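Enquirer: Generate coordinates for the sequence data below:
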Amino acid sequence: MRGILVALLVATPSLLLPGFTTDATEMIALLAILAGGLTFAEYNTDYPSFIEFRDAPPVNRLRFIALFLIFFLLTVIAKHAYEPTHLTGLIAGFGGLIGYLTDFPYSPVRLMILVLPDGSTPFTIDSMRIAAGMAYVIASLTVLSFLFIVRVLNWPAGNGAFNVWINLPLFDPTKGGDVVMRLKRDGRVNMIVGFLLPFIIPALLKLASDFLNPIPLQDPQTRIWVVAAWAFLPTSMIMRGIAMTRIAQLIEEKRRRVYANSEAAQTA
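Expert: The predicted model follows:
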């Protein structure tokens, strides 16, 4: 089921938006199959590869929901220009309000609008504003939801023992140095980079368009994929940083308890 849901997520823009070439459809179908197969293989084995927090819900569930909402809502908003309905009009109007509220000087949304090439039509500019604003709000709410789960619901204490090897396969706890200090350091780096990426990615896209062929952001499917990556990658990194910092805190608390128990035993 996880593999099927991931495949549907990847195929959502191509399935809902009309008027795309056969080559693009075949490429998206291949990508959806690969993503679904990889997810199935990862969750169907006892040995982890690179998907983190596999047995520490709801981290990956929040990521999936956030990415699905970004893909689905941005696709519905783009579909309104081709096949308008009451539902697409309502979502597009709400997205327009969010885009207007988040488009202010030096905001990440404004920077994404500046990525558009000179001479872009007002429709393309409005579409980018709505897509970037909607995606950024969804990403921000996802991070706030995970903070609530960590601080209020005491994640991951309610899920049993936290297996570092299963949930952090890319983190080697035996690679020298104190594991708590390394977790805290990596967590802070992930949060800082995740906070800065919404500002850095537009600059890199603009720089790349100056030296290479400009990205066709007027194409709705390309715009959805670019904006989704721009919003989801920083969100994922910030969540990873919060989770690693939380794991470091739990290890510190366990060390204090063990130390206190050993001192009590010696005193007795």
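Enquirer: Enumerate every residue touching the spatially most central residue of the chain.
Expert: By CA atoms, centre = their mean, the chain has its centre lying nearest to Phe232, at 2.7 Å. By CB atoms under 8 Å, 6 or more residues apart in numbering, the contact set of Phe232 is 63, 66-67, 70, 135, 139. The C-beta positions use only the backbone N, C-alpha and C, and glycine is treated the same way.
Enquirer: quick one: secondary structure of Pro173?
Expert: coil (DSSP: H, G, I helix; E, B strand; the rest coil).
Enquirer: close enough to count as contact, it and Val179?
Expert: Yes - in this structure, Pro173 is within contact of Val179 by CB atoms under 8 Å, at 4.7 Å.
Enquirer: out of those two, which sits in the busier spot?
Expert: For the pair Pro173 and Val179, the greater number of neighbours falls to Val179 (17 against 13), based on other CB atoms under 10 Å.
Enquirer: I'd like to know how far the more buried one sits from Val59.
Expert: 20 Å (CB to CB, to the nearest Å).
Enquirer: What of Tyr43?
Expert: According to CB to CB, Tyr43 stands 14 Å off from Val59.
Enquirer: in the protein, which spans are strands?
Expert: Shown for the chain, no strands are assigned by DSSP state E.
Enquirer: Where does pLDDT dip in it?
Expert: 18-24, 268 (pLDDT under 70).
Enquirer: mind listing the helices for it?
Expert: Ranges of helices in the chain, per DSSP state H, are 2-16, 22-43, 59-79, 86-102, 108-114, 122-151, 164-167, 179-211, 220-267.
Enquirer: Would you mind giving those helices as JSON lines with distance to Ala157 added?
Expert: As requested, these are exported to JSON lines (distance: least, CB to CB, whole Å):
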{"stretch": "helix 2-16", "distance to Ala157": "24"}
{"stretch": "helix 22-43", "distance to Ala157": "23"}
{"stretch": "helix 59-79", "distance to Ala157": "14"}
{"stretch": "helix 86-102", "distance to Ala157": "35"}
{"stretch": "helix 108-114", "distance to Ala157": "33"}
{"stretch": "helix 122-151", "distance to Ala157": "10"}
{"stretch": "helix 164-167", "distance to Ala157": "14"}
{"stretch": "helix 179-211", "distance to Ala157": "16"}
{"stretch": "helix 220-267", "distance to Ala157": "7"}
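Enquirer: Of those, which is nearest Ser49?
Expert: helix 22-43 (6.0 Å; CB to CB).
Enquirer: same for the closest one, what does it pack against?
Expert: Counting contacts by 3 or more CB pairs under 8 Å, 6 or more residues apart in numbering; DSSP states H and E, helix 22-43 packs against helix 2-16.
Enquirer: quick one on the thing from earlier: between Tyr43 and Val59, which one's more packed in?
Expert: The neighbour comparison of Tyr43 against Val59 (other CB under 10 Å) goes to Val59, with 22 against 15.
Enquirer: how much space is there between the nearest residue to that one once chain neighbours are set aside and Arg246?
Expert: Leaving out its chain neighbours, the residue that sits closest to Val59 by CB to CB, 6 or more residues apart in numbering is Phe53, at 3.9 Å. Here Phe53 is placed at a distance of 11 Å from Arg246 (CB to CB).
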